[in-house]
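[1] My questions are about this predicted structure, shown below with the sequence.
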Amino acid sequence: MNLAEFYQACDRLIETGWKLPELERLCHFRDGYMQTSLDLPDSTLDIRHLEFIRWLVQKGKLSDW
């Protein structure tokens, strides 16, 4: 993301109600974030599995907690 894109993204967040301290915290988090293998989806988890989980939640068979 270049600087112009960054400022455009910040402007859009402010327009949706974000406050400056929230943007600062987000930027601090983003600057310190390092992606690890735990952030990537499991290769065995496919779209049909995700659709089935969504169906279970929608039908009340599975809760999100």
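    Yes, it's here.

[2] For H28, see how far away the spatially most central residue of the chain is.
    Note on the chain: the residue nearest the mean C-alpha position is D39, at 11.1 Å, using Cα atoms, centre = their mean. Separation of D39 from H28 (Cβ to Cβ, to the nearest Å): 18 Å. Yep, even glycine has a C-beta here, placed from its N, CA and C like the rest.

[3] With P21 instead?
    Counting by Cβ to Cβ, the gap from P21 to H28 is 11 Å.

[4] Next one, pLDDT for the residue nearest to the centre of the chain please.
    You'll see D39 listed with a pLDDT of 73.

[5] before we move on, what about the one 5 residues further on?
    T44 is assigned a predicted lDDT (pLDDT) of 64.

[6] go on, L23?
    pLDDT at L23 comes out at 92.

[7] Kindly report the same for D31.
    At D31, pLDDT is 88.

[8] likewise C27?
    For C27, the model assigns a pLDDT of 90.

[9] residues making contact with the one helix or strand it maps to?
    Taking DSSP states H and E as the definition, C27 sits inside helix 20-32. Contacts to helix 20-32, defined as Cβ atoms under 8 Å, 6 or more residues apart in numbering, come from residues C10, L13, I14, W18.

[10] Can you identify each of the strands in this protein by residue range?
    Read by DSSP state E, the chain holds no strands at all.

[11] What separation is there between P21 and G60?
    38 Å.

[12] try D39
    D39 is 30 Å from G60, by Cβ to Cβ.

[13] Likewise for E5?
    Distance from E5 to G60, by Cβ to Cβ: 41 Å.

[14] likewise L23?
    38 Å.

[15] the more surrounded of those two?
    L23 (14 against 7; other Cβ atoms under 10 Å).

[16] quick one: that one and N2, what's the gap?
    Distance from L23 to N2, by Cβ to Cβ: 18 Å.
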